[in-house]
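1. sequence first, predicted model second:
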Amino acid sequence: MSKMKWSLTIPKMQLLQRKKEKVQSTIQLEIENISLREFMLKYPVISKEETALTLRGLLKSKGISIKYVQEYLGLACVQSVYQWLDGKKLPSLDNLYALSQLLQVSMDELVSGNKQNLKSIWEENFFKRMVQYEQMFVG
(Lines give C-alpha, C1' and ligand atoms only; values in the text may rest on other atoms or scores of the structure.)
Protein backbone atom coordinates (compact mmCIF):
# COMPACT_ATOMS: atom_id res chain seq x y z
CA MET A 1 0.00 0.00 0.00
CA SER A 2 2.85 2.36 0.76
CA LYS A 3 4.28 1.75 -2.75
CA MET A 4 0.96 2.82 -4.31
CA LYS A 5 0.83 5.95 -2.21
CA TRP A 6 4.43 6.80 -3.17
CA SER A 7 3.76 6.40 -6.90
CA LEU A 8 0.80 8.81 -6.67
CA THR A 9 2.84 11.38 -4.74
CA ILE A 10 5.63 11.71 -7.33
CA PRO A 11 3.33 12.77 -10.21
CA LYS A 12 1.56 15.22 -7.90
CA MET A 13 4.90 16.71 -6.88
CA GLN A 14 5.93 16.98 -10.51
CA LEU A 15 2.63 18.62 -11.38
CA LEU A 16 3.00 21.11 -8.53
CA GLN A 17 6.57 21.87 -9.64
CA ARG A 18 5.40 22.50 -13.23
CA LYS A 19 2.62 24.80 -11.99
CA LYS A 20 5.11 26.70 -9.85
CA GLU A 21 7.50 27.11 -12.79
CA LYS A 22 4.64 28.27 -15.03
CA VAL A 23 3.52 30.85 -12.45
CA GLN A 24 7.10 32.10 -12.03
CA SER A 25 7.59 32.47 -15.79
CA THR A 26 4.21 34.23 -16.07
CA ILE A 27 5.21 36.62 -13.29
CA GLN A 28 8.53 37.33 -15.01
CA LEU A 29 6.83 38.04 -18.35
CA GLU A 30 4.27 40.32 -16.66
CA ILE A 31 7.02 42.23 -14.86
CA GLU A 32 8.95 42.70 -18.11
CA ASN A 33 5.80 43.90 -19.90
CA ILE A 34 4.90 46.33 -17.12
CA SER A 35 8.45 47.65 -16.95
CA LEU A 36 8.49 48.24 -20.70
CA ARG A 37 5.09 49.98 -20.61
CA GLU A 38 6.14 52.19 -17.69
CA PHE A 39 9.34 53.10 -19.50
CA MET A 40 7.49 53.94 -22.69
CA LEU A 41 4.91 56.08 -20.89
CA LYS A 42 7.41 57.96 -18.75
CA TYR A 43 10.43 58.91 -20.77
CA PRO A 44 12.99 61.63 -20.02
CA VAL A 45 12.09 65.13 -21.19
CA ILE A 46 13.87 68.48 -21.00
CA SER A 47 12.25 70.99 -18.67
CA LYS A 48 12.17 74.47 -20.22
CA GLU A 49 11.76 76.08 -16.82
CA GLU A 50 14.64 74.22 -15.17
CA THR A 51 16.88 74.81 -18.18
CA ALA A 52 16.01 78.53 -18.03
CA LEU A 53 17.05 78.68 -14.38
CA THR A 54 20.31 76.88 -15.13
CA LEU A 55 21.07 79.12 -18.10
CA ARG A 56 20.22 82.29 -16.17
CA GLY A 57 22.43 81.21 -13.24
CA LEU A 58 25.38 80.34 -15.49
CA LEU A 59 25.15 83.63 -17.37
CA LYS A 60 25.03 85.56 -14.10
CA SER A 61 27.93 83.64 -12.53
CA LYS A 62 30.12 84.15 -15.63
CA GLY A 63 29.11 87.82 -15.97
CA ILE A 64 27.83 87.39 -19.52
CA SER A 65 25.14 89.78 -20.73
CA ILE A 66 22.09 88.84 -22.77
CA LYS A 67 23.20 91.27 -25.49
CA TYR A 68 26.56 89.46 -25.70
CA VAL A 69 24.79 86.09 -26.06
CA GLN A 70 22.71 87.54 -28.92
CA GLU A 71 25.83 88.80 -30.69
CA TYR A 72 27.81 85.61 -30.00
CA LEU A 73 25.06 83.45 -31.51
CA GLY A 74 24.39 85.86 -34.37
CA LEU A 75 20.71 86.27 -33.48
CA ALA A 76 18.70 89.09 -35.08
CA CYS A 77 17.21 90.22 -31.74
CA VAL A 78 17.47 89.50 -28.02
CA GLN A 79 13.85 88.26 -27.79
CA SER A 80 14.94 84.66 -28.43
CA VAL A 81 17.36 84.78 -25.53
CA TYR A 82 14.69 86.28 -23.26
CA GLN A 83 12.28 83.48 -24.25
CA TRP A 84 14.92 80.91 -23.25
CA LEU A 85 15.56 82.67 -19.94
CA ASP A 86 11.82 82.91 -19.21
CA GLY A 87 11.36 79.18 -19.85
CA LYS A 88 9.00 79.75 -22.78
CA LYS A 89 11.23 78.11 -25.40
CA LEU A 90 14.40 76.08 -25.64
CA PRO A 91 17.43 77.04 -27.73
CA SER A 92 17.99 75.03 -30.89
CA LEU A 93 20.51 72.22 -30.72
CA ASP A 94 23.10 74.38 -32.50
CA ASN A 95 22.50 77.24 -30.07
CA LEU A 96 22.69 74.86 -27.08
CA TYR A 97 26.04 73.62 -28.33
CA ALA A 98 27.33 77.18 -28.85
CA LEU A 99 26.05 78.20 -25.40
CA SER A 100 27.78 75.22 -23.79
CA GLN A 101 31.05 76.31 -25.42
CA LEU A 102 30.54 79.93 -24.35
CA LEU A 103 29.71 78.96 -20.76
CA GLN A 104 32.37 76.22 -20.68
CA VAL A 105 29.95 73.50 -19.53
CA SER A 106 28.70 70.33 -21.19
CA MET A 107 25.35 70.36 -22.95
CA ASP A 108 24.16 67.86 -20.34
CA GLU A 109 24.89 70.36 -17.58
CA LEU A 110 23.10 73.11 -19.50
CA VAL A 111 19.80 71.31 -20.05
CA SER A 112 17.77 70.12 -17.11
CA GLY A 113 15.20 67.37 -17.22
CA ASN A 114 13.28 64.81 -15.23
CA LYS A 115 15.74 61.93 -15.54
CA GLN A 116 16.31 61.48 -11.79
CA ASN A 117 12.62 61.80 -10.96
CA LEU A 118 11.76 59.14 -13.54
CA LYS A 119 14.28 56.70 -12.14
CA SER A 120 12.85 56.91 -8.63
CA ILE A 121 9.24 56.71 -9.90
CA TRP A 122 10.08 53.67 -12.04
CA GLU A 123 11.87 51.91 -9.16
CA GLU A 124 9.02 52.63 -6.76
CA ASN A 125 6.39 51.28 -9.18
CA PHE A 126 8.51 48.24 -10.00
CA PHE A 127 8.89 47.20 -6.36
CA LYS A 128 5.19 47.79 -5.66
CA ARG A 129 4.31 45.49 -8.55
CA MET A 130 6.77 42.85 -7.33
CA VAL A 131 5.09 42.82 -3.93
CA GLN A 132 1.63 42.59 -5.55
CA TYR A 133 2.68 39.64 -7.72
CA GLU A 134 4.29 37.89 -4.80
CA GLN A 135 1.10 38.27 -2.77
CA MET A 136 -1.07 37.06 -5.66
CA PHE A 137 0.92 34.01 -6.67
CA VAL A 138 3.11 32.99 -3.79
CA GLY A 139 1.01 33.50 -0.79
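-> That came in fine, so what should we check first?
2. so what's residue 62 up against?
-> 103-104 (C-beta atoms under 8 Å, 6 or more residues apart in numbering). Glycine gets a C-beta too; all of them are placed from N, C-alpha and C.
3. what about the nearest residue to residue 103 once chain neighbours are set aside, neighbour count?
-> Leaving out its chain neighbours, the residue that sits closest to residue 103 by C-beta to C-beta, 6 or more residues apart in numbering is residue 58, at 4.8 Å. Residues lying near residue 58 (other C-beta atoms under 10 Å) number 18.
4. wait, residue 58 touches residue 105, no?
-> Yes: look at residue 58 against residue 105 with C-beta atoms under 8 Å: they come within range, at 6.6 Å.
5. returning to what we had before: ok, the residue nearest to residue 103 to residue 131 distance?
-> 43 Å (C-beta to C-beta, to the nearest Å).
6. count of neighbours near residue 103?
-> Count around residue 103 with other C-beta under 10 Å applied: 18.
7. swap that for residue 57, sorry
-> With other C-beta under 10 Å as criterion, residue 57 counts 10.
8. with residue 17 instead?
-> Using other C-beta under 10 Å, residue 17 is surrounded by 10 other residues.
9. could you give the mean pLDDT of the helix or strand harbouring it?
-> Here residue 17, judged by DSSP states H and E, is contained in helix 2-41. Helix 2-41 shows a mean pLDDT of 58.
10. next one: stretch 108-119
-> pLDDT averaged over stretch 108-119 gives 67.
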